[in-house]
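The following block contains a protein sequence and its predicted model.
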Amino acid sequence: PFDYDGETYDPLPIQRGQVVSAGTLDKATMKITVPMSSEIAELFRAYPPGQVVTLTIRCGHVNDPDAEFPVCWVGRVLSAARATGTSGGDMRKVDLSCEPSSTSMRRSGLRRHFQLTCPHVLYGDKCQANKAAATVTGTISALTYNTLTLTAGWNGSFPVAKFVGGLVEWDGDVLRERRSILSVAGNVLTLAGPTTGLAISDTVDVVLGCNHQAGASGDCVVLHDNILNFGGFPYIPLQNPVHTNPFA
């Protein structure tokens with residue numbers, strides 16, 4: 001183990017690709033090969049982790065008297081796959097495909113359209129809905145690969161249908177796990193991903209969804225009381241004046 005800048009780096013058989021700077025970032029990916037038994041490989045074994053996994057590469061000499069280890073590459077892990085080789089694959093190794101952080105800086109930003117519904121990410125920086133007030137805690141009574149059955153009364157005072165489009169969160173072995181809720185039938189929640197690391201009698205946090213609408217039936221008003229941050233345009237005229245006969 002090697003201590004540097006308040007962090008302890010554990011030794012691991014690891015291999016990386018070359019740091020490429022060719023004037024374009026389209027193909028400047030970095031491949032990291034690690035053992036299948038490593039903790040980082042375990043994160044991607046069944047399902048991608050609920051949070052972004054970043055990668056920082058420092059270069060230097062262990063015995064450098066000045067202890068200088070400048071950063072030579074920064075990015076994030078995109079995916080993981082069994083390592084490829086001359087025999088078609090190696091079950092003992094995992095290839096991590098990574099992209100540099102500068103790649104995302106060159107991407108076009110999301111465009112905000114003139115639309116009736118709100119385009120903001122629920123509980124994001126623009127939405128600012130109170131996530132804590134929209135969260136309830138449920139106890140698991142049964143589970144499958146992508147469904148959870150919670151004990152009765154888990155939804156509190158909220159209708160169960162309002163949790164569609166929301167989240168289920170729990171503390172994983174390494175990171176905070178999050179899954180989107182695809183549907184709710186009584187006490188059964190269908191998730192957009194596996195129930196990794198969960199067991200019967202565990203507790204999970206269930207967060208309300210939103211239909212991204214204003215007005216009397218809009219969740220932004222009725223459910224979240226967040227109309228001041230509504231990002232849509234609910235009063236767009238529904239009749240097109242271009243194709244309307246003014247003399248009719």
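Yep, that arrived.

got the CA coordinates for the helix or strand residue 34 falls within in CSV?
Per DSSP states H and E: residue 34 is located in strand 30-35. The C-alpha atoms that make up strand 30-35 are tabulated as CSV, following Å, rounded to 0.1, in the frame of the first residue of the first chain:
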residue,chain,number,x,y,z
MET,A,30,-8.6,4.7,-22.1
LYS,A,31,-8.7,1.0,-21.5
ILE,A,32,-7.9,-0.3,-18.0
THR,A,33,-7.5,-4.0,-17.4
VAL,A,34,-8.0,-5.3,-13.9
PRO,A,35,-8.6,-8.7,-12.3
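
Need the three-state assignment for residue 92.
strand (DSSP: H, G, I helix; E, B strand; the rest coil).

So it sits against residue 36, correct?
Yes: in this structure residue 92 lies within contact range of residue 36 using C-beta atoms under 8 Å: 5.4 Å. Just so you know, the C-beta spots here come from the backbone N, C-alpha and C atoms, and that holds for glycine as well.

Give me the more crowded residue out of these two.
residue 36 (14 against 11; other C-beta atoms under 10 Å).

May I have the strands that pair with the strand holding residue 34, each with its orientation?
strand 15-16 (antiparallel), strand 90-100 (antiparallel) (DSSP bridges).

Make JSON lines out of the ones you listed and add distance to residue 134 and mean pLDDT.
Output for the strands paired with strand 30-35, formatted as JSON lines (distance: least, C-beta to C-beta, whole Å; pLDDT from 0 to 100):
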{"stretch": "strand 15-16", "distance to residue 134": "42", "mean pLDDT": "92"}
{"stretch": "strand 90-100", "distance to residue 134": "33", "mean pLDDT": "85"}
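
Which among the ones you listed is found nearest to residue 171?
strand 90-100 (23.5 Å; C-beta to C-beta).

Go through the closest one and flag the buried ones.
Neighbour counts over strand 90-100 (16 or more other C-beta atoms under 10 Å) mark 93, 94, 95, 96, 98, 99, 100 as buried.

Can you tell me what sits against the strand holding residue 34?
Here strand 30-35 makes contact (C-beta atoms under 8 Å, 6 or more residues apart in numbering) with 12-17, 19, 40-41, 55, 57, 73, 75, 77, 83, 92-100.

one more time with 6 Å
With C-beta atoms under 6 Å, 6 or more residues apart in numbering as the test, strand 30-35 has contacts from 13-17, 40-41, 83, 93-96, 98.

Between which two of the buried residues of strand 90-100 is the distance greatest?
Taking C-beta to C-beta, no two of the buried residues of strand 90-100 sit farther apart than 93 and 100, at 22.6 Å.

host element of residue 221?
helix 219-222.

And for residue 198?
Using DSSP H and E, no helix or strand contains residue 198.

Could you report the distance from it to residue 184?
Distance of residue 198 to residue 184, given as C-beta to C-beta, to the nearest Å: 17 Å.

next one: residue 216
The separation that residue 216 has from residue 184, given C-beta to C-beta, amounts to 23 Å.

more neighbours, the two?
Taking neighbours as other C-beta under 10 Å, residue 216 and residue 184 compare with residue 184 leading, 21 against 7.

Which pLDDT does the model give residue 63?
Here the pLDDT value assigned to residue 63 is 87.

Can you give me the neighbour number for it?
Residue 63: 6 surrounding residues under other C-beta under 10 Å.
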